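**Student:** with the input below, show me the fold.
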Amino acid sequence: MRQERRSRQSGSSSVKVLSIVIDLVAHYASTLIAAALAPVEQDHLLQARQMQALSFAVHIPLVCFGIAFPSMVLLVEALYVRTGDELYRTLAKRWSKVMIALFAVGVVTGTILSFELGLLWPNFMATFGDVFGLAFGLEGFSFFIEAIFIAIYVYSWDRISPRRHLLCGIPVVVAGITGSLFVISVNAWMNRPSGFRLDHGRAVDVEPWRALFGNAHLWPELTHMYFAGFIVTGFAVAAVYAWGWLKGRRGRYERVALAVPLTIAALAAPVQLVIGDWIARRITEDQPTKLAALEGLGPTTKGADLHVLGWYEDGEVRYGIAFPDGLSLLAKHDPNATIKGLEAVPAQDRPPVNVVRVAFQTMVGIGTLMAALGVVHLFTWFRRRRFVESRWFLLGVVAAGPLSVVALVAGWVTTEVGRQPWVVYGVMRTSEAVTGAGGIPVGYATLVIVYAGLGGAVAWILLRLSRRPLDVPDEPPPILESHAPR
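**Tutor:** From the prediction side, this is the model:
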């Protein structure tokens with residue numbers, strides 16, 4: 001009896017100790033979670049935003065190659081299947097190796113971005129994950145399809161028939177486009193949130209399909225990004241071969257390798273100006289404060305002027321070139337339309353005007369120059385059946401490569417910084433979404449080192465690929481030879 005009583009007391013004591021331990025663990029866990037989700041000092045917020053911006057600036061050019069480069073590779077291979085000319089096969093095979101190398105790097109940078117969303121912005125993910133989680137899940141399916149078929153495509157050149165090999169590349173093209181569609185749908189939702197309501201800080205009555213794909217902001221933003229993908233990829237690839245052409249490498253291989261990407265970029269660049277007008281009118285409706293920041297418009301104005309260049313100061317643009325009624329005309333296609341100014345909202349609800357304005361003007365300026373370059377190329381090609389032979393034109397193509405990336409990043413600075421101080425426009429502030437965890441400066445420094453090493457590795461791989469000897473046939477290709485520079 002005593003032993004039984006002692007065992008009961010011992011068991012009861014164990015239960016009490018276990019209960020105390022569980023309470024302590026729960027208490028400290030809740031304290032840690034509350035600390036992690038709490039708002040932080042402004043220094044930490046800025047560093048978190050800088051980390052996210054760095055990762056985004058590294059990743060987004062790779063997204064452009066994921067959207068456009070597979071299509072370019074398949075176009076060249078289709079020319080091989082159609083004509084039987086081995087030059088096209090040689091070019092497509094070499095480009096496919098570049099494609100898989102950039103895909104691998106994009107996997108690394110994309111994974112870092114995914115972790116950053118959860119680690120740097122936990123409140124955002126916890127509150128709205130039910131709204132946009134569907135898009136990230138679908139993007140995962142696109143990624144796996146792309147990974148499977150890109151491996152099959154690259155490593156089966158000499159193992160299956162040309163037509164079957166060409167067909168294996170189609171899922172790579174489709175998955176690259178759909179993957180970016182799902183991610184951009186999340187960004188469009190952040191700019192124009194819908195498909196839910198907030199109840200005590202929780203998103204309820206969630207309709208993810210309507211929120212993501214029934215969003216009027218999605219389609220102009222998506223189209224703008226897709227054309228940007230072809231412009232960046234086209235000019236970046238063309239710049240490499242234009243530089244080689246200036247250095248005296250003017251063989252048939254270089255002619256075709258320059259013709260394809262330059263023509264694609266030249267076709268896309270002028271159209272992008274029209275799409276830019278579309279998305280600007282969408283921003284006028286969805287984010288009037290961002291539009292006011294883009295143009296440096298202080299007071300709400302009827303017949304607002306458009307300013308090129310200049311600096312925003314004391315509620316107006318100084319030192320710029322003014323076009324009377326230009327902003328009203330472009331934004332609403334009515335020179336007498338009223339445009340809301342920055343003063344329509346409190347100062348704490350306005351983005352940093354000059355950051356947004358300079359980024360926007362940089363994007364538009366470079367985009368206009370690339371469009372002009374494209375028009376000159378297309379006019380000469382279709383009118384005279386050859387390239388522009390001017391050294392200055394080819395130097396312009398070389399410059400367009402890096403400048404297209406600058407314009408791309410500037411465009412995304414316009415989008416993301418222009419939405420500030422909101423992470424979800426009008427619903428959640430960025431300061432409310434950021435983590436309260438420490439160690440961000442250490443993480444920031446580590447990230448810079450990782451990206452520097454990754455950039456060096458990519459440069460080394462591409463340099464090795466460029467130095468591999470080519471086995472190119474001597475006979476001229478039946479297509480594009482008449483369009484090559486002489």
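
**Student:** next, name the residue at the spatial heart of the chain.
**Tutor:** Most central in the chain under C-alpha atoms, centre = their mean is Ile60, positioned 3.6 Å from the mean C-alpha point.

**Student:** Trp412 is in contact with that one, correct?
**Tutor:** Yes: counting by C-beta atoms under 8 Å, Trp412 is a contact partner of Ile60 at 6.0 Å. Heads up, the C-betas are built off the backbone N, CA and C, glycines and all.

**Student:** returning to that earlier point: residues contacting the residue nearest to the centre of the chain?
**Tutor:** Leu408, Val409, Trp412 (C-beta atoms under 8 Å, 6 or more residues apart in numbering).

**Student:** try Glu295
**Tutor:** Per C-beta under 8 Å, 6+ apart, neighbours of Glu295: Ala304, Leu306, His307, Val317, Leu327, Ile339, Arg357.

**Student:** now, these that are in helices?
**Tutor:** Leu327, Arg357 (DSSP state H).

**Student:** buried stuff in the strand or helix carrying Glu416?
**Tutor:** Glu416 is part of helix 391-418 when elements are defined by DSSP states H and E. Buried residues in helix 391-418, defined by neighbour count with 16 or more other C-beta atoms under 10 Å: 393-394, 396-401, 403-405, 407-418.

**Student:** can you give me the strands for the stretch 151-300 of the chain?
**Tutor:** 197-199, 202-204 (DSSP state E, counting those that start in this stretch).

**Student:** what's the closest of those to Gly137?
**Tutor:** strand 202-204 (16.6 Å; C-beta to C-beta).

**Student:** among the contacts of Glu295, which are in strands?
**Tutor:** Leu306, His307, Val317, Ile339 (DSSP state E).

**Student:** so, low pLDDT: which residues of this structure?
**Tutor:** For the chain, applying pLDDT under 70 flags the ranges 1-43, 471-486.

**Student:** show me where it has helices.
**Tutor:** Under DSSP H, the chain gives helices at 2-37, 42-83, 86-120, 122-154, 162-191, 208-213, 218-246, 252-286, 288-295, 326-332, 353-384, 391-418, 430-433, 440-466.

**Student:** now the second one, how far from the chain's geometric center?
**Tutor:** Yep, that's helix 42-83 we're talking about. Distance of helix 42-83 from its chain centroid, counting by C-alpha atoms, centre = their mean, to the nearest Å, is 6 Å.

**Student:** which one of the contacts of Glu295 is nearest Val375?
**Tutor:** Leu306 (22.6 Å).

**Student:** what about the closest residue to the closest one other than its chain neighbours, neighbour count?
**Tutor:** Distances taken as C-beta to C-beta, 6 or more residues apart in numbering place Gly326 nearest to Leu306, at 2.8 Å, with adjacent residues excluded. For Gly326, the count of nearby residues is 17 (other C-beta atoms under 10 Å).

**Student:** quick check, Gly326 in contact with Leu297.
**Tutor:** No: assessed by C-beta under 8 Å, Gly326 is found out of contact with Leu297, at 11.4 Å.

**Student:** overlap of the contact sets of the two?
**Tutor:** Ala304.

**Student:** ok so, going back, so which elements touch the helix holding Glu416?
**Tutor:** helix 42-83, helix 218-246, helix 252-286, helix 288-295, helix 353-384 (3 or more C-beta pairs under 8 Å, 6 or more residues apart in numbering; DSSP states H and E).

**Student:** from the chain's centroid, how far away is it?
**Tutor:** Distance, centroid of helix 391-418 to centroid of chain: 13 Å (C-alpha atoms, centre = their mean).

**Student:** just put the helices of the chain in TSV and tack on distance to Leu198.
**Tutor:** Compiled in TSV, the helices of the chain are given as follows (distance: least, C-beta to C-beta, whole Å):
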stretch	distance to Leu198
helix 2-37	16
helix 42-83	22
helix 86-120	20
helix 122-154	8
helix 162-191	14
helix 208-213	13
helix 218-246	21
helix 252-286	19
helix 288-295	21
helix 326-332	30
helix 353-384	27
helix 391-418	22
helix 430-433	12
helix 440-466	28
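
**Student:** figure out which of the ones you listed is closest to Asp199.
**Tutor:** It's helix 122-154; of those, that one is closest to Asp199 (C-beta to C-beta) at 11.1 Å.

**Student:** that older thread, ranking the strands of the stretch 151-300 of the chain by burial, who's on top?
**Tutor:** strand 202-204 (a mean of 15; mean count of other C-beta atoms under 10 Å).

**Student:** before we move on, back to that, so which of the helices of the chain is the most surrounded?
**Tutor:** Comparing those by mean count of other C-beta under 10 Å gives helix 288-295 as most buried, with a mean of 25.

**Student:** how far off helix 252-286 does it point, in degrees?
**Tutor:** 130 degrees (axes from the mean of the first three to the mean of the last three C-alpha atoms, to 10 degrees).

**Student:** my guess is Gly258 contacts Leu246, does it?
**Tutor:** Let me fix one detail, which is that residue 258 is Leu and not Gly. No: using C-beta under 8 Å, Leu258 is not in contact with Leu246; the gap is 10.9 Å.

**Student:** now do the contacts for the nearest residue to Met370 once chain neighbours are set aside.
**Tutor:** The shortest distance from Met370 to any non-neighbouring residue, by C-beta to C-beta, 6+ apart, is to Ala269 (4.6 Å). Residues in contact with Ala269 (C-beta under 8 Å, 6+ apart) are Ile231, Gly367, Met370, Ala371, Leu373, Gly374.

**Student:** just send the helices and strands packed on helix 391-418 back as JSON lines, with distance to Val131 too.
**Tutor:** As requested, the helices and strands packed on helix 391-418 are exported to JSON lines (distance: least, C-beta to C-beta, whole Å):
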{"stretch": "helix 42-83", "distance to Val131": "19"}
{"stretch": "helix 218-246", "distance to Val131": "14"}
{"stretch": "helix 252-286", "distance to Val131": "17"}
{"stretch": "helix 288-295", "distance to Val131": "21"}
{"stretch": "helix 353-384", "distance to Val131": "26"}
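
**Student:** out of those, nearest to Arg192?
**Tutor:** Of all these, helix 252-286 comes closest under C-beta to C-beta, at 4.6 Å.

**Student:** was I right about Ile150 contacting Ala104?
**Tutor:** No: the criterion here is C-beta under 8 Å, and Ile150 misses it with Ala104 at 9.4 Å.

**Student:** okay, and the common contacts of these two?
**Tutor:** In contact with both Ile150 and Ala104: no residue, using C-beta under 8 Å, 6+ apart.

**Student:** the helix holding Glu416 relative to helix 162-191, how many degrees between them?
**Tutor:** Using the same axes, to 10 degrees: helix 391-418 against helix 162-191 is 40 degrees.

**Student:** related to what we said a few turns ago, the residue nearest to Leu306 and Gly436: what is the separation?
**Tutor:** The spacing between Gly326 and Gly436, counted by C-beta to C-beta, to the nearest Å, is 45 Å.
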